[in-house]
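Asker: Okay, sequence plus prediction incoming.
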Amino acid sequence: MSTATLSPEAAPLVAAAAVSNLKVTQGRVIRSEWIKFWSLRSTLITLATAVTLLIGIGLLASSMLNSGATGPGPEPGELGPVDASLAGITFAQLAFGTLGVLFMASEYSTGMIRSSLTAVPKRLPVLWAKIAVFAVVVLVIGLAASAAAFTGGQALIGDGAASWSDAGVVRAVVGSAVILAGSGVLGLALGALLRSTPAAISTLFGAMFLLSGVAQLLLPESWRDNVVQYLPSDAGSAFTSVSQGADALSPWVGLGVFVAYVAAVVVGGAWRLRRSDA
Amino acid sequence: MIEVHELTKRYGAKTAVDNLTFTVKPGIVTGFLGPNGAGKSTTMRLILGLDRPTSGTATINGRPYAEHTAPLKQVGALLDAKAVHTGRSAYHHLLAMAATTGVPRTRVDEVIDIVGLHEVARKRAGAFSLGMGQRLGIASALLADPEVLILDEPVNGLDPEGILWIRHLMRGLAEQGRTVFVSSHLMSEMALTAEHLVVVGRGKLIADVSVAEFIEQAAHDSVLVRSPRAVELHDLLAGPGVTVLSVERGAFEVTGLSAAKIGERAADAGIALHELTVQRPSLEEAFMELTRDAVEYQTVGAAA
């Protein structure tokens, strides 16, 4: 303790700084969560990873589309120019989702939650503040990155590239940001529900990555398509795709289903935060 | 003022806190004493609403903790030094805590100076030693200049200088009329800092007394007497209110008679004394005696 010295005699005990008008408000809790979010190095690293994945994979898929492009339009089952440039969304979803998990679950793994809930013993304002901060950050960054991926991707594609005025393009780009924010909030809510980083991340990866594939493999053919289109990953991608598959939900129904999943987990997380001992 | 009324917390079959009732008054330091695992930390968590009681209530200045508009202004708590995100700097930790309640940034700098963490405030809290972690916890407890302080084992991990400082701090805060409730498993530490004691064992209340009273009760002196004519002297000293216990051949322990009286009676009878020693149990022994009884009582009670 050579770095921290103190004089028992000189320690002022009372606040010299004016400490008045003290009150916990939702706005102040949001400010607190904003400070918490940006004061961790892992935040910046994960955000950079997510953006790199989103733009990098989009550009890669676009360049491959360009080299292999023969006809004027996409073959059935092949990616169109818009979807190719936004191909990175699945991976970015997992990166933002992981960051969401960490934002909540690390409170439990480090013990920070006891400080947080001592400051805000009504508890739920902490969860709402985290969701607000995280959704806005991911929405803004996701929107910028999706727009960059689309613009860059179309430049690589050249002939047959889509433009912003094409049908469904704005919806797909904005929708990507919305689905990314939704995945982030899903991760955050899983963190609140499960209170464990590994458990929440595996659940998130399972739901977003594996579930669809496993269902394709295991379910009987007769009702496979009916089920798979309602899974979170498929419902979400229905909203961000321009070319709809025959067995996919319509974009807005897809968004509705995806939001319903996120909302359900948020309710579960809120319930656990409110009810369980911290 | 902290009021705990018939507070009980069970985890499955284990009862961590068993029907506790006590009041912690402002203006003095109240020690919360008990062996490890006696339920001290759980009681503090129940007072702060971190755990939900199985039954009973705990209030701070008349209200449950969660119902205050500015909880940090009511209570500053040091629960354990590890209630901090390891990746965040001490400064940002305090800044985030302060922001919830509208505590100004200048106050954050101020508490950092008070606890002497100025030079390491920008370093990751995960790299802090136990003592530095305690100081950070105390800084966060002082943030909103609270009326009540709840400190769980604050001297843990502090160096001698830090221990002296925390004693000084707690007494100073109490003198200003604040309520200071501090837990410890060391009676000797409490004897130096606290004026009042709430003693628990196995989740049950054992004593709720002033430190002065506790010491008086505990100080049952005994006198070790050694003499070549021990048997004669033994009979000479026996009487109502006096217990004489043989220790070994030629030596016994007397309670209920002062060393002076024993010496005089021996002299009157012409009996030589080889040793006459007053034996005073330490506070630590007195405290252990008290809690051991409670534990034994508890075990017998459970078996019956």
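Answerer: Looks like it arrived, so ask away.
Asker: So which residue is dead centre in the chain?
Answerer: In the absence of a named chain, this looks at chain A. A:G184 (2.2 Å; Cα atoms, centre = their mean).
Asker: looking at chain B here, not the other one
Answerer: B:L33 (3.2 Å).
Asker: so what's the nearest residue to that one once chain neighbours are set aside bridging to?
Answerer: Nearest residue to B:L33, sequence neighbours excluded (Cβ to Cβ, 6 or more residues apart in numbering or on different chains): B:V199, at 4.7 Å. Just so you know, the C-beta spots here come from the backbone N, C-alpha and C atoms, and that holds for glycine as well. B:V199 forms beta bridges with B:L33, B:A207, as assigned by DSSP bridges.
Asker: Distance of B:V199 relative to B:G34?
Answerer: Per Cβ to Cβ, to the nearest Å, B:V199 is found 6 Å from B:G34.
Asker: Give me the common contacts of these two.
Answerer: B:206, B:291 (Cβ atoms under 8 Å, 6 or more residues apart in numbering or on different chains).
Asker: wait, what's in contact with the residue nearest to the centre of chain A?
Answerer: Counted by Cβ under 8 Å, 6+ apart, A:G184 has contacts A:96-97, A:99-100, A:134-135, A:138.
Asker: circling back to that earlier point, since we're on the residue nearest to B:L33, how many residues are nearby?
Answerer: 24 (other Cβ atoms under 10 Å in any protein chain shown).
Asker: Could you dump the contacts of A:G184 into a markdown table with secondary structure and neighbour count added?
Answerer: Shown next, in a markdown table, are these (DSSP: H, G, I helix; E, B strand; the rest coil; neighbours: other Cβ atoms under 10 Å in any protein chain shown):
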| residue | secondary structure | neighbour count |
| --- | --- | --- |
| A:F96 | helix | 33 |
| A:G97 | helix | 29 |
| A:L99 | helix | 25 |
| A:G100 | helix | 31 |
| A:F134 | helix | 22 |
| A:A135 | helix | 19 |
| A:V138 | helix | 27 |
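Asker: Can you give me the pLDDT of residue 247?
Answerer: Just so you know, I chose chain A. pLDDT recorded at A:D247 is 74.
Asker: wrong one, I was asking about chain B
Answerer: 81.
Asker: buried residues in the strand or helix carrying it?
Answerer: Assessed by DSSP states H and E, B:V247 sits inside strand B:243-248. For strand B:243-248, the neighbour count (16 or more other Cβ atoms under 10 Å in any protein chain shown) marks B:V244 as buried.
Asker: Whichever residue of the stretch 51-200 of chain A sits closest to chain B: what secondary structure?
Answerer: Distances between the stretch 51-200 of chain A and chain B by Cβ to the nearest Cβ are smallest at A:P121, namely 3.7 Å. For A:P121, the assignment made with DSSP: H, G, I helix; E, B strand; the rest coil gives coil.
Asker: List the residues that contact it.
Answerer: Contacts of A:P121 (Cβ under 8 Å, 6+ apart): B:48-49, B:65-66, B:71.
Asker: Now list the buried members of those residues.
Answerer: B:48-49, B:65, B:71.
Asker: restrict the residues you listed to contacts with chain A.
Answerer: Intersecting the buried ones among the contacts of A:P121 with the surroundings of chain A, defined as Cβ under 8 Å from any Cβ of the partner chain, gives B:48-49, B:65, B:71.
Asker: For stretch B:97-108, list the C-alpha coordinates in CSV.
Answerer: What follows is stretch B:97-108, C-alpha atoms only, in CSV (Å, rounded to 0.1, in the frame of the first residue of the first chain):
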residue,chain,number,x,y,z
MET,B,97,-22.6,5.1,-8.2
ALA,B,98,-22.8,8.8,-7.7
ALA,B,99,-24.8,9.4,-10.9
THR,B,100,-27.7,7.2,-9.8
THR,B,101,-28.6,9.7,-7.0
GLY,B,102,-27.3,13.0,-8.4
VAL,B,103,-24.2,13.2,-6.3
PRO,B,104,-21.9,15.8,-8.0
ARG,B,105,-18.6,14.9,-9.6
THR,B,106,-16.7,17.1,-7.1
ARG,B,107,-17.9,14.8,-4.3
VAL,B,108,-16.4,11.8,-6.1
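Asker: Buried by neighbour count: which residues of it qualify?
Answerer: B:97-104, B:107-108.
Asker: Adding pLDDT, distance to chain A and secondary structure, write those residues out as TSV.
Answerer: What follows is those, written out as TSV (pLDDT from 0 to 100; distance: Cβ to the nearest Cβ, whole Å; DSSP: H, G, I helix; E, B strand; the rest coil):
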residue	pLDDT	distance to chain A	secondary structure
B:M97	97	5	helix
B:A98	97	8	helix
B:A99	97	4	helix
B:T100	97	4	coil
B:T101	96	5	coil
B:G102	95	5	coil
B:V103	95	6	coil
B:P104	94	6	coil
B:R107	95	4	helix
B:V108	96	9	helix
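Asker: hang on, the earlier thing: the residue nearest to the centre of chain B touches B:H185, doesn't it?
Answerer: Yes: the pair B:L33 / B:H185 is scored as a contact, 7.3 Å apart, by Cβ atoms under 8 Å.
Asker: Find the residues that touch each one of those two.
Answerer: B:K40.
Asker: What ranges does the stretch 151-278 of chain A have for its helices?
Answerer: For the stretch 151-278 of chain A, the helices defined by DSSP state H, counting those that start in this stretch occupy A:169-194, A:197-205, A:211-218, A:221-228, A:232-240, A:251-275.
Asker: will you turn these into TSV that also has mean pLDDT?
Answerer: Putting these into TSV (pLDDT from 0 to 100) gives the following:
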stretch	mean pLDDT
helix A:169-194	95
helix A:197-205	96
helix A:211-218	85
helix A:221-228	82
helix A:232-240	88
helix A:251-275	95
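Asker: Need these in a markdown table (columns: distance to A:A129).
Answerer: Formatted as a markdown table, these follow (distance: least, Cβ to Cβ, whole Å):
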| stretch | distance to A:A129 |
| --- | --- |
| helix A:169-194 | 11 |
| helix A:197-205 | 19 |
| helix A:211-218 | 30 |
| helix A:221-228 | 36 |
| helix A:232-240 | 25 |
| helix A:251-275 | 12 |
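Asker: Taking chain B, what residue is nearest to chain A?
Answerer: Closest point on chain B to chain A, by Cβ to the nearest Cβ, is B:G116, at 2.9 Å.
Asker: Mind pulling up the pLDDT for that residue?
Answerer: For B:G116, pLDDT reads 92.
Asker: try B:G157
Answerer: For B:G157, pLDDT reads 83.
Asker: Is it in a helix, a strand, or coil?
Answerer: coil.
Asker: A:A181 against A:L139, yeah?
Answerer: Yes: using Cβ under 8 Å, A:A181 and A:L139 qualify as a contacting pair, with a distance of 4.4 Å.
Asker: ok, these two, which is more surrounded?
Answerer: A:A181 (24 against 17).
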